[in-house]
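Colleague: what follows is a predicted protein model with its sequence.
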Amino acid sequence: MDDLLGPQLLRGSAAGPAAAADELRRTRRDSGRGCGQSGRRAVRAARLHPGRTTAPRRASRVRLAAGRRRAPFPPPVTPRLRITDNAAGAGGRRFPAARPVLCLVTDRARLRSRGVEDDVGAALALIRSAAAAGIDLVQIRETGLTDRALGNLVERAVEAARGTTTRILVNDRVDIALAHGAHGVHLKGESVPAARVREHAGADWIVGRSVHGLEESREVTAGGGLDYVCLGTVFATASKPGRRPLGAGLLQQAAAALPLPVLAIGGVTRERVTEIAASGAAGVAAIGMFADMARLPQSQFSASVAALRGAWR
């Protein structure tokens, strides 16, 4: 408390600060006797020069725990993940155990290209439809939104998925994901280590990562903290123009070499799902394929998702 009040007490005339500082030093020296006494002395120090500070009124209303000094700013507090009813079970991670794992990646730009005016509203409608159809993961990957708008979208997406098996992930923004109750985060290739994220998020959070080759996949997996990796670009895709596709062969190598589930991303279509399943991949992540399915009536969307799962049987 004395550190908080110090800069305010030291404002004023040349005589005022000297007297206030002297009293403040006595306050700090006696801080072990209890903050109640320290607080009263700080208030008295401020009253030596009424009208030159607003600290007395504020300080007189502050109550501190006995025997503890307050730092200039409170220490950082790790946000507590808000557990929703989507949890797969107490004490364990909520990454889907069944295979395949189907992941929708959102992209408002794709929706705008179809003449949608309210692209955020359309993205939320897509998420609702995906959850109703049984999509396992929804990765909210939306650039160009303010932090407030992105956080609002995440909260509404979590609410839309409530009561379903769908988990909501946020692309790379660990802070937004934690603050707004998401079920996890999907890290970019150049992002922070997953193990660091796990320290703050806890064991029941889902943490995935984008990888672009076999060696990178091995390195990030060895670092710990991950639930899955998303390997791409597997096939040529309009969302990553100019990027050389890795091909189904490298996908098969990664699936065989890594102890974690490997999801394929990039150029994923319904026609290629059988080849992806045969490679040993644990599932797929896609933008366009699921966005196209969502344009169908909900019953047909759900049936299409079920048909995709059939490729892994």
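Modeller: Okay, I see it.
Colleague: and the host helix or strand of Ala277, what does it pack against?
Modeller: Secondary structure from DSSP states H and E places Ala277 in helix 273-278. On a contact count with 3 or more Cβ pairs under 8 Å, 6 or more residues apart in numbering; DSSP states H and E, helix 273-278 meets helix 248-257. The way it works is simple: take the backbone N, C-alpha and C, and place the C-beta from them, glycine included.
Colleague: what does the helix or strand that the helix it packs on is followed by contact?
Modeller: Sequence order places strand 262-265 as the next helix or strand after helix 248-257, per DSSP H and E. For strand 262-265, contacts defined as Cβ atoms under 8 Å, 6 or more residues apart in numbering pick out 101, 103, 105, 208, 210, 217, 228-234, 251, 254-255, 276, 279-286.
Colleague: tell me the domain ranges of this protein?
Modeller: Domain assignment for the chain, taken from automatic domain parsing, gives 2-60, 101-310.
Colleague: the shortest one - what's its average pLDDT?
Modeller: Mean pLDDT, computed over domain 2-60, is 42.
Colleague: what about Ala161, how many residues nearby?
Modeller: 24 (other Cβ atoms under 10 Å).
Colleague: OK, contacts around the closest residue in space to it that isn't next to it in sequence?
Modeller: Nearest non-adjacent residue to Ala161, counting by Cβ to Cβ, 6 or more residues apart in numbering: Ala131, 4.5 Å away. When contacts are counted by Cβ under 8 Å, 6+ apart, Ala131 touches Val138, Ala160, Ala161, Thr164, Thr166.
Colleague: tell me the SS of Leu169?
Modeller: Leu169 carries the three-state label strand when classified by DSSP: H, G, I helix; E, B strand; the rest coil.
Colleague: next one, pLDDT for the residue nearest to Ala238 when sequence neighbours are not counted please.
Modeller: Leaving aside its chain neighbours, Ala238 sits nearest to Gly288 (7.7 Å; criterion: Cβ to Cβ, 6+ apart). Gly288 is assigned a predicted lDDT (pLDDT) of 94.
Colleague: I'd say Gly288 and Ser239 touch.
Modeller: Yes. Between Gly288 and Ser239 there is a contact at 7.4 Å, judged by Cβ atoms under 8 Å.
Colleague: where do the contact lists of the two overlap?
Modeller: Joint contacts of Gly288 and Ser239 (Cβ under 8 Å, 6+ apart) are Arg110.
Colleague: are any of the contacts of strand 262-265 buried, and which?
Modeller: Buried members of these, scored by 16 or more other Cβ atoms under 10 Å, are 101, 103, 105, 208, 210, 217, 228-234, 251, 254-255, 276, 279, 281-286.
Colleague: inside strands: which ones of these?
Modeller: Assignment to strands by DSSP state E places the following of the buried ones among the contacts of strand 262-265 there: 101, 103, 105, 208, 210, 228-231, 283-286.
Colleague: of those, which is the nearest to Glu155?
Modeller: Ranked by distance to Glu155 (Cβ to Cβ), those are led by Val105 at 19.0 Å.
Colleague: buried sites along stretch 204-214?
Modeller: Asp204, Trp205, Ile206, Val207, Gly208, Arg209, Ser210, Val211, Leu214.
Colleague: what residues does the helix holding Ala277 touch?
Modeller: Under Cβ under 8 Å, 6+ apart, the answer for helix 273-278 is Pro100, Val234, Ala248, Leu251, Ala264, Val268, Val284, Leu308, Ala311, Trp312.
Colleague: okay, these in JSON lines with distance to Ala123 and pLDDT next?
Modeller: Shown next, in JSON lines, are those (distance: Cβ to Cβ, whole Å; pLDDT from 0 to 100):
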{"residue": "Pro100", "distance to Ala123": "23", "pLDDT": "97"}
{"residue": "Val234", "distance to Ala123": "24", "pLDDT": "97"}
{"residue": "Ala248", "distance to Ala123": "30", "pLDDT": "97"}
{"residue": "Leu251", "distance to Ala123": "28", "pLDDT": "98"}
{"residue": "Ala264", "distance to Ala123": "23", "pLDDT": "99"}
{"residue": "Val268", "distance to Ala123": "19", "pLDDT": "97"}
{"residue": "Val284", "distance to Ala123": "20", "pLDDT": "99"}
{"residue": "Leu308", "distance to Ala123": "21", "pLDDT": "98"}
{"residue": "Ala311", "distance to Ala123": "27", "pLDDT": "97"}
{"residue": "Trp312", "distance to Ala123": "28", "pLDDT": "97"}
